[in-house]
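# Sequence and computational prediction follow.
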Amino acid sequence: MAKVETKEKKITSKPIKEIPPESAINKKSTKSKKTTQSLEKPFLETIAGIGPTTRKRLEEAGYGSKEAIALATRSQLTEISGIAEKTAALLIREARARFDLGLKKGTDYEVAAKTRVKLTTGSEAFNELLGGGLETGSVTEIAGENGCGKTQIAHQLAVNCVKYFDQDVIWIDSEGTFRFNRIVQMAQALEIDPEVVLSRITVGRAYNSEHQMALTEEALTMVPNVGLIVVDSLMSHFRSEFAGRGTLAERQQLIGRHLSFISKQTEILNCVGLVTNQVSARPDGIFFGDPNRPVGGNVVGHTVTTRLMIRKGKDIKRTATLTKSPELPDGKIEFSITTEGVRDYKK
């Protein structure tokens with residue numbers, strides 16, 4: 001009897017030995033945790049040969065992610081102190097291997113186009129000129145002389161964004177022209193609570209060109225539900241800080257980078273981009289066409305999607321001329337700026 005009992009104990013003890021010890025389970029879980037943690041590592045930490053000092057320099061210059069590096073050029077990275085051309089080439093190659101560079105079929109663009117909507121200006125005639133309003137996923141430039149109503153239009157679009165899109169607004173103010181009382185007037189005219197509108201507009205007062213660029217990038221990390229990005233005005237600081245032909249190349253490079261960033265964000269977020277711009281006198285335009293032209297040269301002209309010229313008329317009358325659009329014909333309409341905001345012009 002004793003032997004039989006012993007046998008039974010031996011038989012029942014076999015499956016117990018097959019269960020892995022607790023230490024082995026802990027080792028496996030630790031290993032899986034390490035694997036998960038390695039997958040979550042920032043891009044720069046996964047590149048061999050990139051030390052903490054180089055990482056810090058890249059991050060401070062705005063190249064901390066694979067997306068930013070994949071879309072950068074070698075010259076942009078080598079401008080950063082301590083980044084050799086060989087290192088820049090390695091970083092760009094690795095980043096592009098892990099990033100979708102955006103090759104798409106024409107049908108994909110058809111699908112994307114259906115997600116784009118138009119932000120009303122407040123004037124039916126103005127909307128008709130723009131094919132329904134300002135389109136999301138693109139940058140519209142409004143240029144004109146001082147006092148023609150560029151900032152007034154921007155105020156109206158900010159209120160309209162909150163009312164009709166139910167989204168937030170980022171406003172980069174380079175000239176100190178943002179006025180809360182104007183927002184209040186326009187909001188009241190549309191029967192929407194002014195406090196609600198003001199609470200959904202994030203304003204950054206830029207005091208120089210570098211500050212302007214930094215504020216734009218910082219605001220986009222703070223505001224999660226962006227429907228409209230306003231830069232009023234785009235060229236004010238660049239124009240005053242980079243005077244003379246000797247600094248023209250540097251100025252154009254910076255403004256190109258700034259505008260490209262805004263353009264890219266409007267596509268990613270599917271929001272409206274609006275930049276106001278100053279004009280300069282064009283000697284050859286005195287007898288042929290408009291004597292004024294937007295400042296910023298070809299860099300601005302090529303980067304913006306849509307370009308409008310605003311001219312001031314008598315009293316509340318304004319004229320808007322569409323001079324550039326990838327899908328709309330050039331045109332010209334009249335509108336007005338009243339106490340209530342942007343409206344149709346009534347003769």
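In hand now; what should we look at? The structure displayed is predicted, hence computed values, not measured ones.
# Find the nearest non-adjacent residue to the most centrally placed residue in the chain, please.
For the chain, the residue nearest the mean C-alpha position is residue 265 (2.9 Å; C-alpha atoms, centre = their mean). In space, and not counting its chain neighbours, residue 265 is closest to residue 220: 5.9 Å by C-beta to C-beta, 6 or more residues apart in numbering. Heads up, the C-betas are built off the backbone N, CA and C, glycines and all.
# Strands of the stretch 51-200 of the chain, residue ranges please.
For the stretch 51-200 of the chain, the strands defined by DSSP state E, counting those that start in this stretch occupy 118-119, 134-135, 138-144, 168-173.
# Of the ones you listed, which stretch is the most buried?
Ranked by mean neighbour count, the strands of the stretch 51-200 of the chain are led by strand 134-135 with a mean of 26 (mean count of other C-beta atoms under 10 Å).
# Given that one, what are its sheet partners and their directions?
strand 118-119 (antiparallel) (DSSP bridges).
# what's the span of stretch 42-51 from first residue to last?
End-to-end distance of stretch 42-51 (C-alpha to C-alpha, to the nearest Å): 13 Å.
# Please spell out which residues along it are buried.
43, 44, 47, 50 (16 or more other C-beta atoms under 10 Å).
# Show the contacting residues for the first one.
Taking C-beta atoms under 8 Å, 6 or more residues apart in numbering as the contact definition, residue 43 lies against 64, 65, 66, 69, 95, 98.
# Just give me the closest of these to residue 156.
Relative to residue 156, the closest of the contacts of residue 43 is residue 65; by C-beta to C-beta it sits at 35.1 Å.
# just to revisit the earlier point, measure the residue nearest to residue 265 to residue 200 for me?
Residue 220 is 15 Å from residue 200, where distance means C-beta to C-beta, to the nearest Å.
# go on, residue 225?
Plainly put, residue 225 is 9 Å away from residue 200 if you go by C-beta to C-beta.
# now the stretch 151-300 of the chain, which segments are flagged as low pLDDT?
Along the stretch 151-300 of the chain, the parts satisfying pLDDT under 70 run over 282-290.
# Please enumerate the helices of it.
Using DSSP state H, counting those that start in this stretch, the helices of the stretch 151-300 of the chain run over 180-189, 194-199, 209-222, 236-241, 248-269, 297-303.
# Just the C-alphas of the fourth one, formatted as PDB.
If I follow you right, that is helix 236-241. Output in PDB follows, covering the C-alpha atoms of helix 236-241 (Å, rounded to 0.1, in the frame of the first residue of the first chain):
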ATOM      1  CA  SER A 236       6.800  93.000 -41.100                       C
ATOM      2  CA  HIS A 237       9.800  91.800 -39.000                       C
ATOM      3  CA  PHE A 238      11.600  90.100 -41.900                       C
ATOM      4  CA  ARG A 239      11.400  93.300 -43.900                       C
ATOM      5  CA  SER A 240      12.800  95.600 -41.100                       C
ATOM      6  CA  GLU A 241      15.500  93.200 -39.800                       C
END
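# Tell me the gap between that helix and the middle of its chain.
Between the centre of helix 236-241 and the centre of its chain there are 21 Å (C-alpha atoms, centre = their mean, to the nearest Å).
# for the last one, same thing?
On the basis of C-alpha atoms, centre = their mean, helix 297-303 is displaced by 17 Å from the centre of the chain it belongs to.
# In contact with residue 125, which residues are there?
333, 334, 335, 344, 345.
# Ok, residue 163 next?
187, 190, 192, 197.
# Would you reformat these as JSON lines and include neighbour count?
Shown next, in JSON lines, are those (neighbours: other C-beta atoms under 10 Å):
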{"residue": "187", "neighbour count": "23"}
{"residue": "190", "neighbour count": "17"}
{"residue": "192", "neighbour count": "16"}
{"residue": "197", "neighbour count": "23"}
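# ok, which pair from those residues is furthest apart?
Among the contacts of residue 163, 190 and 197 lie farthest apart (C-beta to C-beta), at 9.0 Å.
# Can you lay out the strands of the stretch 51-200 of the chain as CSV showing distance to residue 209?
Below are the strands of the stretch 51-200 of the chain laid out as CSV (distance: least, C-beta to C-beta, whole Å):
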stretch, distance to residue 209
strand 118-119, 27
strand 134-135, 25
strand 138-144, 17
strand 168-173, 11
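# Show me what the closest residue to residue 306 other than its chain neighbours bridges to in the sheet.
Using C-beta to C-beta, 6+ apart and skipping residues adjacent in sequence, the residue nearest residue 306 is residue 140, 4.4 Å away. When bridges are called by DSSP bridges, residue 140 pairs up with residue 274, residue 306.
# gap between residue 140 and residue 118?
Distance, residue 140 to residue 118, using C-beta to C-beta: 11 Å.
# Overlap in contacts, those two.
130, 134.
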